[in-house]
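Trainee: after the sequence you'll find the predicted model.
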Amino acid sequence: MSYVDEIYAKVVEQNPGEAEFHQAVKEVLDSLKLVIDANEEKYRKMALLERLVEPERIISFRVPWVDDNGQVQVNKGYRVQFNSAIGPYKGGLRLHPSVNQGILKFLGFEQVFKNSLTGLPIGGGKGGSNFDPKGKSDREVMAFCQSFMTELSKYIGADQDVPAGDIGVGAREIGYLYGQYKRMTGLYEGVLTGKGLNYGGSLVRTQATGYGLVYILDEMLRNNGKELNGKTVVVSGSGNVAIYATEKAQQLGAKVVALSDSNGYIYDKDGIKLDIVKEIKEVRRGRIKEYVDAVPTAAYTEGKGIWTIACDIALPCATQNELNLEDAKALKANGCFAVAEGANMPSTREATDFFLESGMLFMPGKAANAGGVATSALEMSQNSQRLAWTFDEVDVKLKDIMVNIFAKADDAAKRYGVAGNYVAGANIAGFEKVVDAMMAQGIV
Ligand code: GLU
C-alpha cells in the first residue's frame, strides 16, 4: 500500500464516524500523491503525514447558559488547534446545531492549507458549538457567548490562537465574545478578528470572503480567456459570504439571479436587489423567502433545487456538501462553465470530480474563500501595529492576495503535470509551505 493510502486507512480507522473529516483528508491526500511519492522515504521516517492529519490539540468543554425562561441549557463547545507550523492557530467559530468534533476537524484541516495559501503567517484552527442562534434573543446569544468564552479564554491569545466568525458567528457574537475575553484576562489585544470598527476591527473584513471569492473567480476566468462581465451567476446561501460575493459580482458586471437559505431559494430573473437582501438578513435576521414580499416578480421555491437554475457561473456559498453529483450534472447541462466555492467543501467529492473531468473551471474553497481569513490576518497586523488602514489599502492587499493564490494554485498544478486542476494545485501549494516549516521545526 502506498504511504498516502496507508494514512487514509488509518484516519478512517482512528477517527470513526467523522465522515466530513475523512472526505477532506482524502481529497488532500489524493492531490498530494505525486509530491509524497517523490519524497516517500523521507516523509515516512519523519511520520510527516501522521502528524499532518492529527490535530496538535482538541479542547472540548461544557457551555451552560440560562435561556429567557430561566431554564439552564447546556451545549458542547470545542476548539480544534490543528497546526501551528507557520503561525498561531487561526480560524473561525461555527455556531450551528450540526457542529460536532468531526465537522470541526474537517474545517480545521482545510484551514491549515487555506491559511498557508494566503502567504500570511497563520496556522490552522477551528472551533464552535452545537448551539443554534436561530430564533434566540440577543440576551440568550450574549449569555451563550459569555459562557463559551469563559472557558475558551484559557486557551487563546493574540500570539497563540485567534478565532473569528463562521456560520452563525457575525459582528454581534464577536462583540460579546471579545467583551468577555477582555473581562476574563484584562487584555485588550487582537485575540479575535471580525471585530467592530470601533474596537480594533478592520475595514473590508465584513466583505472580504465574498469579495475575495469574486476576485479569484475573475482571475481564473481571465486566465482562461473568459470574463465575468455580462454573465449570469447563481449564488447559494444568503449569509455574509453570499451577500458580498453578490455585491462584488454585480459591481463587475455580472447578473446574480438566485440566493438561498436552508429552507429554500429565490429566483429573480431581473437580478437580485441586494439592498433588500441586506435589510432582511443583516437587519431583521429574517428568512430569504421574505424577498418575494418586497419583489413580487421574483419567485420563492421551498427546498433544494437552486442548482437547476440556468447560469454561466455557480458560487456555492452555503455549507459543506450542499452540491452533489446530480447538481453538478444539472449545472453543466444548463451551460454553467465555472464554479468557485465560497463555502468550505460545498461540493461533494463526486461533484468535484465531475467538474474536473468535464472540463469546467473549478476553484476549490480552500483557495476561493481564503479572502476572509487573509483579511483577518491583516486585522491582526493592524492590531499589532495599533493602526487602522483605509478601506482601499486593505482592499488592494486582499485583491493582491487572491491573485497570488490563483498564481500559486495554477503554478503548482502545472509543475505536477495537471494544468488547470486547481484542486490539486491548491492542495500542493498549501502543503509545500506547511511541510517545509514542519520539517524545519523537528519532531513536534
Ligand atoms: N471562517 C472563515 C473561514 O472559513 C474565516 C476564518 C477567520 O477569519 O479566521 O476561513
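Mentor: Looks like it arrived, so ask away. Residues are numbered from 1 along each chain as shown.
Trainee: what about the strands in this structure?
Mentor: Along the chain, the stretches classed as strands by DSSP state E are 57-66, 72-83, 89-95, 123-129, 161-164, 232-236, 255-260, 264-267, 299-302, 313-316, 338-340, 361-363.
Trainee: in a markdown table, list those along with mean neighbour count, mean pLDDT and distance to the ligand.
Mentor: For the C-beta atoms, the positions are set from N, CA and C on the backbone; glycine is no exception. Listed next are the strands of the chain as a markdown table, based on neighbours: other C-beta atoms under 10 Å; pLDDT from 0 to 100; distance: least, C-beta to the nearest ligand atom, whole Å:
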| stretch | mean neighbour count | mean pLDDT | distance to the ligand |
| --- | --- | --- | --- |
| strand 57-66 | 16 | 98 | 17 |
| strand 72-83 | 21 | 99 | 12 |
| strand 89-95 | 28 | 98 | 3 |
| strand 123-129 | 29 | 98 | 8 |
| strand 161-164 | 26 | 99 | 3 |
| strand 232-236 | 25 | 99 | 16 |
| strand 255-260 | 24 | 98 | 19 |
| strand 264-267 | 21 | 98 | 23 |
| strand 299-302 | 15 | 98 | 28 |
| strand 313-316 | 29 | 99 | 14 |
| strand 338-340 | 26 | 99 | 15 |
| strand 361-363 | 24 | 98 | 15 |
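Trainee: to residue 15, which of those strands lies closest?
Mentor: Minimum separation from residue 15 across the strands of the chain (C-beta to C-beta) falls at strand 57-66, 11.1 Å.
Trainee: re the thing from before, out of the strands of the chain, nearest to residue 218?
Mentor: It's strand 338-340; of the strands of the chain, that one is closest to residue 218 (C-beta to C-beta) at 9.6 Å.
Trainee: look up how far the ligand lies from the closest residue in space to residue 178 that isn't next to it in sequence.
Mentor: In space, and not counting its chain neighbours, residue 178 is closest to residue 192: 5.2 Å by C-beta to C-beta, 6 or more residues apart in numbering. Distance, residue 192 to the ligand, by C-beta to the nearest ligand atom, to the nearest Å: 9 Å.
Trainee: now do residue 192, the pLDDT please.
Mentor: With respect to pLDDT, residue 192 scores 98.
Trainee: could you count how many residues lie near it?
Mentor: Using other C-beta atoms under 10 Å, residue 192 is surrounded by 27 other residues.
Trainee: center of this protein - which residue?
Mentor: For the chain, residue 344 is the residue whose C-alpha lies nearest the centre (C-alpha atoms, centre = their mean; 4.4 Å).
Trainee: doesn't residue 322 make contact with that one?
Mentor: No: using C-beta atoms under 8 Å, residue 344 makes no contact with residue 322, being 10.6 Å away.
Trainee: about what we covered before: which ones are touching the residue nearest to the centre of the chain?
Mentor: 106, 107, 110, 319, 320, 365, 366, 369 (C-beta atoms under 8 Å, 6 or more residues apart in numbering).
Trainee: ok, and the closest non-adjacent residue to it?
Mentor: Nearest one to residue 344, counting by C-beta to C-beta, 6+ apart, is residue 365 at 5.0 Å.
Trainee: that older thread, got the contact list for the residue nearest to residue 178?
Mentor: Residues in contact with residue 192 (C-beta under 8 Å, 6+ apart) are 162, 163, 164, 174, 177, 178, 181.
Trainee: now swap in residue 128 and tell me
Mentor: 77, 78, 92, 93, 94, 95, 96, 99, 104, 166, 168, 169.
Trainee: which residue is it, in the stretch 251-400 of the chain, that comes closest to the ligand?
Mentor: Of all residues in the stretch 251-400 of the chain, residue 376 sits closest to the ligand, at 3.3 Å by C-beta to the nearest ligand atom.
Trainee: ok, that residue to residue 292 distance?
Mentor: To residue 292, residue 376 is 35 Å away according to C-beta to C-beta, to the nearest Å.
Trainee: these two - which one has more neighbours?
Mentor: Legend: neighbour count by other C-beta under 10 Å for residue 376 and residue 292, higher for residue 376 (30 against 15).
Trainee: residues contacting the more buried one?
Mentor: 90, 122, 162, 164, 193, 194, 202, 205, 208.
Trainee: pretty sure the first one sits against residue 373.
Mentor: Okay, so that is residue 90. Yes: with contact defined as C-beta under 8 Å, residue 90 counts as touching residue 373 (6.2 Å).
Trainee: roughly how far does residue 378 sit from residue 397?
Mentor: Residue 378 sits 6 Å away from residue 397, going by C-beta to C-beta.
Trainee: who's more crowded, those two?
Mentor: For residue 378 and residue 397, the more surrounded residue by other C-beta under 10 Å is residue 378, and the numbers stand at 24 against 18.
Trainee: quick check: neighbours shared by residue 90 and residue 373?
Mentor: Taking C-beta under 8 Å, 6+ apart as the contact rule, residue 90 and residue 373 both touch 111, 115, 122, 164.
Trainee: related to what we said a few turns ago, greatest separation within the contacts of residue 192: which pair is it?
Mentor: The span of the contacts of residue 192, defined through C-beta to C-beta, is set by 164 and 181 at 12.8 Å.
Trainee: ramachandran angles for residue 295?
Mentor: According to degrees, to the nearest 10, the main-chain angles of residue 295 amount to phi -130, psi 80.
Trainee: show me what contacts residue 429?
Mentor: Each residue near residue 429 by C-beta under 8 Å, 6+ apart is listed here: 116, 117, 408, 409, 411, 412.
Trainee: tell me the contacts of the fifth one?
Mentor: Contact analysis of residue 411 by C-beta under 8 Å, 6+ apart lists 425, 429.
Trainee: redo that, cut-off 6 Å
Mentor: By C-beta atoms under 6 Å, 6 or more residues apart in numbering, residue 411 lies in contact with nothing.
Trainee: quick one on the thing from earlier: could the contacts of residue 128 go into TSV alongside distance to residue 310?
Mentor: As requested, these are exported to TSV (distance: C-beta to C-beta, whole Å):
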residue	distance to residue 310
77	43
78	41
92	33
93	37
94	32
95	35
96	31
99	34
104	36
166	31
168	32
169	34
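Trainee: give me the number of residues near residue 393?
Mentor: Neighbourhood size, residue 393 [other C-beta under 10 Å]: 15.
Trainee: close to the ligand: what parts of the stretch 251-400 of the chain are there?
Mentor: Contact residues (C-beta under 6 Å from any ligand atom) of the stretch 251-400 of the chain with the ligand: 344, 372, 373, 376.
Trainee: residues near residue 323, how many?
Mentor: So residue 323, with other C-beta under 10 Å, has 27 neighbours.
Trainee: surely it meets residue 343?
Mentor: No: counting by C-beta atoms under 6 Å, residue 323 does not reach residue 343; the two are 9.1 Å apart.
Trainee: identify the contacts common to the two.
Mentor: Residues touching both residue 323 and residue 343 (C-beta under 6 Å, 6+ apart): residue 316.
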